[in-house]
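Chemist: 3D, please:
(2 chains)
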Amino acid sequence: MSDERQIAAMPRPEPWRDTGYWGPTDPDAHPAVRAIREQFPDAYIDAYSFRDEMTVRVERPRYRDVIQFLRDHPDLQYTMLSDETAVDMLRLRDDPRFDVVAQLYSLRRRQRLRVKTGVNDGELVPSLVPVFAAAGWLEREIYDMFGIVFEGHPDLRRILLPEDWDEGHPLRKDYPLRGYREYVQPGFEAPAPRVRSRLRRP
Amino acid sequence: MSLEITEPTPVIISEERQVSDTRRELVLNMGPQHPSTHGVLRVRLTLEGETITGCDPVIGYLHRGVEKLGESKRYAQFVPWTDRTDYVAAPSNNLGYVLTVEKLLGIEAPERAQYWRMIMAELARLASHLVWLGTHALDIGALSMSLYCFREREMILDIFEKFCGARLTTNMMEIGGFSRPIPPDLPDMIRDFLAVFPKRQREYEDMLSANPIWLARTRGVGVIEPDVAINYGLTGACLRGSGVNYDVRKAQPYLFYDRVDFEVPLGTHGDVYDRYLVRMEEMRQSLKIIQQCLDQVPTDGPLKLAESNYVIPPHDTVLTTAEDMQRHFIWVIKGFSPPKGEVYLAIEHSKGELGHYIVSDGSPIPYRLRIRTPDFVNLQSLPYMAEGAMLADVVALIGTIDIVLGSVDR
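Modeler: Okay, here's the model as predicted:
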């Protein structure tokens, strides 16, 4: 019991700081950031850290190359794609409109890294499917929800919404929360008119 | 953009095609109303005889737009919605979201609350694994297993009910800790469960582990090699069954998982049977964690972070002091505004890595709320496992991935 109490009494680091789960918090000291900067000087935009999480932003045409480099680099070995998603930056900045975000994880070094690239509506993003099979459905979901088209994806179809969904892409910020219209099922009465929400939200 | 409803594509139940003079193939539609698909998964199978040559899971029948809803609600309002993603392990979902918001805010709950969160998350893992075991065995043909498993799950749900008043959609975690006190007899209730469960679990293993039918249906079926598993981004028992050592609780400990002693079971063959063994051992390790947490948790002390504008003030001071009443009013009416930034936090859910990615623009509503559910990514490996397998194996393969469609479709 005394051991357990001692362990419990050990000073905890300040919450969510210096965990080391994302590597050093200084971009200049982070090995992955330095490697990207050396290897892709023209594609590297910037890197920043928030709550110990390191984010690297790269140019869109080299997005796949950077991630493949991070996977194959012998000292970095970001061998797992945890997540790939997108963010519609409509209200936060003008250009580019979307961010495509990949969360990488290194099984060997037990560290994460986030790689971001910006894309405008109608532009193509290099698909990660040749690098990570996990990207297949994740990119289908991004296409479904944001309408971002991935170049080199073998099977880019809608995944969560029906194949014949023709109202656009719901996670875009200009898509209304309740959709554009209400569907009336054949044989049922039309629903009551929509009540305007008290809180005005875009 | 047209706003007219287009005619829905007719669903073809089955279709037979003559590929060549000697080969015929059958396109068979399994689900969405098939009992072994754990909800509303639909799998479009291409068969040649009884061998599967093509497999295309069709998901989205339970899509509710949880991420879009999250981008319209204040941070604290979204916690009940996380229950509805993976409803068989609701406390784990609460935990993942709450921890991510706490990371965004830069706060940490008191020690006692963290221990109770661990206990509840491990109980949720047990509850989820029991549902998995029951339904997985039921799909393969062992009907009695599901009855036994749900009997034990009932005890866990009673603990949840005692703790927070709800059994399925618990909504038990709050940002900053717990508002409600721990019921005084709750530790004894959990200890009773810990005393009963190992014997019951041995009964399950007696029924399944050496059962010739179970072995024939699971051994060598759905093999995933370690490098393929990593490439597919599998997590949880699907990855560890292939022998890859990745458990978020060990790799990047959150809460107090670095203070408890437990082991991460690994498989060797990567087949359905190994994943079964891994999950069974995980249940035993969960009991070990709960036992240690009960021994280590302080019996008194704060359950909730005090003096933080990010946390709802305690009920009694809201009624007696003006400051807390104002804070409470602001917290409820306006919500709190976290700093600008983005966080991704992964926890070890019963099904794998559950990640929440929140982008904050400094307003009380998340700008982007992404839920990386483990079973959505894991289900992607179904075509890899199914191609070349027999039709009857598909139910075993769907069962072994351990999907909950509410979590896949979100």
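Chemist: thought residue A:144 was touching residue B:409, still the case?
Modeler: No: using CB atoms under 8 Å, residue B:409 is not in contact with residue A:144, being 11.5 Å away. All C-beta atoms are positioned from the backbone trio N, CA, C, and that covers glycine.
Chemist: what's around residue 25, how many residues?
Modeler: Since no chain was named, I'll use chain A. 18 (other CB atoms under 10 Å in any protein chain shown).
Chemist: that's the other chain; I wanted chain B
Modeler: Residue B:25 has 18 nearby residues by other CB under 10 Å.
Chemist: ok, now the one 10 residues further on?
Modeler: Residues contacting residue B:35 under the criterion other CB under 10 Å number 10.
Chemist: and it, how far from residue B:53?
Modeler: 24 Å (CB to CB, to the nearest Å).
Chemist: which ones are touching residue 63?
Modeler: With no chain named, the answer covers chain A. Residues near residue A:63 by CB atoms under 8 Å, 6 or more residues apart in numbering or on different chains: A:100, A:115, A:117, A:125, A:126, A:128.
Chemist: oops, wrong one, chain B.
Modeler: With CB under 8 Å, 6+ apart, residue B:63 has these contacts: A:160, A:161, B:409, B:410.
Chemist: excluding its backbone neighbours, what's nearest residue 123?
Modeler: I went with chain A, as the question did not name one. residue A:60 (6.9 Å; CB to CB, 6 or more residues apart in numbering or on different chains).
Chemist: my question was about chain B
Modeler: residue B:156 (5.2 Å).
Chemist: the helix or strand that contains that neighbour - what's its average pLDDT?
Modeler: Element membership for residue B:156, per DSSP states H and E: helix B:143-164. Mean pLDDT, computed over helix B:143-164, is 90.
Chemist: could you list the buried residues of it?
Modeler: B:145-146, B:148-149, B:152-153, B:155-157, B:159-160, B:163-164 (16 or more other CB atoms under 10 Å in any protein chain shown).
Chemist: helices and strands around it, which ones?
Modeler: Applying 3 or more CB pairs under 8 Å, 6 or more residues apart in numbering or on different chains; DSSP states H and E, one finds that helix B:143-164 contacts helix B:111-140, helix B:186-208.
Chemist: and of those helices, who's closest to residue B:271?
Modeler: Distance to residue B:271, taken as CB to CB, is lowest for helix B:111-140 among the helices and strands packed on helix B:143-164, at 13.5 Å.
Chemist: how about the contacts made by residue 120?
Modeler: The chain I'm using is chain A. A:95, A:96, A:97, A:98.
Chemist: actually chain B
Modeler: Counted by CB under 8 Å, 6+ apart, residue B:120 has contacts B:91, B:95, B:160, B:163, B:172, B:173.
Chemist: which of those residues lies closest to chain A?
Modeler: Using CB to the nearest CB, residue B:95 comes nearest to chain A of the contacts of residue B:120, at 15.3 Å.
Chemist: for the closest residue to residue A:167 other than its chain neighbours, phi and psi?
Modeler: Sequence neighbours aside, residue A:180 is the residue nearest to residue A:167 in space, at 5.4 Å (criterion: CB to CB, 6+ apart). With angles defined as degrees, to the nearest 10, residue A:180 sits at phi -90, psi -30.
Chemist: before we move on, the earlier item: quick check: the residue nearest to residue A:123 touching residue A:125?
Modeler: Yes: counting by CB under 8 Å, residue A:125 is a contact partner of residue A:60 at 6.1 Å.
Chemist: so for the two, which residue has more residues nearby?
Modeler: residue A:125 (24 against 17).
Chemist: surely the more buried one meets residue A:153?
Modeler: No: the pair residue A:125 and residue A:153 does not pass the contact test of CB under 8 Å, sitting 9.3 Å apart.
Chemist: check contacts around the residue in chain A positioned nearest to chain B.
Modeler: In chain A, the residue that lies nearest chain B is residue A:134 (2.9 Å; CB to the nearest CB). By CB under 8 Å, 6+ apart, the contact list for residue A:134 reads A:80, A:81, A:84, B:231, B:232, B:233, B:377, B:380.
Chemist: for these, which one is nearest residue B:179?
Modeler: Nearest member of the contacts of residue A:134 to residue B:179, counting by CB to CB, is residue B:377, at 33.6 Å.
Chemist: overlap in contacts of residue A:60 and residue A:125?
Modeler: A:117, A:119.
Chemist: which of the contacts of residue B:63 sit farthest apart?
Modeler: So, these by CB to CB: farthest apart are A:161 and B:410, at 11.9 Å.
Chemist: can you give me the strands for the chain?
Modeler: Just going to use chain A. For chain A, the strands defined by DSSP state E cover A:44-50, A:53-58, A:80-88, A:98-106, A:111-119, A:124-126, A:149-151.
Chemist: try chain B instead
Modeler: Under DSSP E, chain B gives strands at B:14-18, B:24-30, B:42-48, B:51-58, B:341-349, B:352-360, B:368-372.
Chemist: could the ones you listed go into JSON lines alongside distance to chain A and mean pLDDT?
Modeler: As requested, the strands of chain B are arranged in JSON lines below (distance: least, CB to the nearest CB, whole Å; pLDDT from 0 to 100):
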{"stretch": "strand B:14-18", "distance to chain A": "17", "mean pLDDT": "76"}
{"stretch": "strand B:24-30", "distance to chain A": "14", "mean pLDDT": "83"}
{"stretch": "strand B:42-48", "distance to chain A": "12", "mean pLDDT": "87"}
{"stretch": "strand B:51-58", "distance to chain A": "9", "mean pLDDT": "89"}
{"stretch": "strand B:341-349", "distance to chain A": "4", "mean pLDDT": "91"}
{"stretch": "strand B:352-360", "distance to chain A": "6", "mean pLDDT": "92"}
{"stretch": "strand B:368-372", "distance to chain A": "4", "mean pLDDT": "92"}
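Chemist: need the ones you listed in a markdown table with distance to residue B:401, can you?
Modeler: Formatted as a markdown table, those follow (distance: least, CB to CB, whole Å):
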| stretch | distance to residue B:401 |
| --- | --- |
| strand B:14-18 | 24 |
| strand B:24-30 | 15 |
| strand B:42-48 | 12 |
| strand B:51-58 | 10 |
| strand B:341-349 | 13 |
| strand B:352-360 | 10 |
| strand B:368-372 | 16 |
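Chemist: between those strands, which one is closest to residue B:227.
Modeler: That would be, of the strands of chain B and by CB to CB, strand B:352-360, which comes in at 17.6 Å.
Chemist: you'd agree residue B:386 is up against residue B:53?
Modeler: No: counting by CB under 8 Å, residue B:386 does not reach residue B:53; the two are 9.6 Å apart.
Chemist: the two - which one has more neighbours?
Modeler: residue B:386 (23 against 16).
Chemist: the more buried one: what's it in contact with?
Modeler: With CB under 8 Å, 6+ apart, residue B:386 has these contacts: B:43, B:45, B:52, B:55, B:222, B:393, B:394, B:397.
Chemist: poorly predicted segments of chain A, please.
Modeler: By pLDDT under 70, the weakly predicted segments of chain A are A:1-14, A:182-186, A:189-202.
Chemist: what do you get if the cut-off is 80, keeping everything else the same?
Modeler: Applying pLDDT under 80 to chain A flags residues A:1-20, A:164, A:166, A:178-202.
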